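**Student:** Take a look and give me a structure for this.
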Amino acid sequence: MQIGMLGGTFDPVHLGHLRSAVEVREALGLDRLHMIPAPQPPLRDTPQVSPEQRFELLRLGISDTPSIVADDRELRREGRSYSVHTLIELRQMYGNSASLVMIIGFDAFLKLTKWHNVKQIFSLAHLVVIDRPGYNVPWPDALRELVGDREVDSADELKQCPNGKVLMLALPSMMAISATYIRERLKEGRSVRYLLPEAVEDAILRHGFYHSDE
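**Tutor:** Okay, the predicted model is just below:
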């Protein structure tokens, strides 16, 4: 099996997140893609909306999209959200022969050396980095050393072993939608139509999420 993990704060989930999930699942030939909200990401501030509320928005956004699932396992875990712990659980769930892929954005990739037990990640999964065309930021030396000779050129190479490779992947749409921008518009009472799935927008407006700093 080909299994993917796409984590994030999803604060809130928007069409950019969801379109990227569909495209990365197709590009990698994944049988299943787990979208996993982090209750408290270690490298950013506490989200304004609770983990349970963000998970419900994610569930509404995914709806019946084939082979993509909203996964709340990190919400049920005490303490900080570390990707390596989630990968351990997914590896136990799918077995040692499955090709397990963790998908992250390029900005997060640049901070990879600061992640908890980062070297263990490669013993559990492949790493696919969503590249940003025209965003030519040099890799820090420590990151270059960490990746070493793990980089491959195609998704097919990921299927040849269960873990340990790195693939830079450019997606066709690359929708430039920012959750920060959405939160700002909601706080100001401005329209977010066509930035979010309709069900997510309806739930946010109904519950009054993101309309104040409280």
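**Student:** buried set for the worst-scoring helix or strand of the chain on mean pLDDT?
**Tutor:** Sorted by mean pLDDT, DSSP states H and E, the helices and strands of the chain end with helix 106-110, the least confident at a mean of 91. Buried positions in helix 106-110, judged by neighbour count with 16 or more other C-beta atoms under 10 Å: 108, 109, 110. (Each C-beta comes from the backbone N, C-alpha and C, glycine too.)
**Student:** possible to save these as CSV with distance to residue 26?
**Tutor:** As requested, these are exported to CSV (distance: C-beta to C-beta, whole Å):
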residue, distance to residue 26
108, 21
109, 21
110, 26
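**Student:** Which one of those residues is nearest to residue 166?
**Tutor:** Using C-beta to C-beta, residue 109 comes nearest to residue 166 of the buried residues of helix 106-110, at 8.8 Å.
**Student:** just the helices in the chain please.
**Tutor:** Using DSSP state H, the helices assigned to the chain run over residues 15-28, 51-62, 83-94, 106-110, 118-124, 141-147, 155-158, 179-187, 198-207.
**Student:** Out of the ones you listed, flag the one nearest residue 39.
**Tutor:** If we rank the helices of the chain by C-beta to C-beta, the stretch that ends up nearest is helix 51-62, at 3.9 Å.
**Student:** quick one: that closest one to helix 15-28, angle?
**Tutor:** If you take axes from the mean of the first three to the mean of the last three C-alpha atoms, to 10 degrees, helix 51-62 sits at 60 degrees to helix 15-28.
**Student:** counting contacts, what elements does helix 51-62 pack onto?
**Tutor:** The contact analysis (3 or more C-beta pairs under 8 Å, 6 or more residues apart in numbering; DSSP states H and E) places helix 51-62 against helix 15-28, strand 32-37, strand 68-70, helix 198-207.
**Student:** Looking at these, which one is packed in the most?
**Tutor:** Neighbour counts (mean count of other C-beta atoms under 10 Å) averaged over each of the helices and strands packed on helix 51-62 peak at strand 32-37, with a mean of 23.
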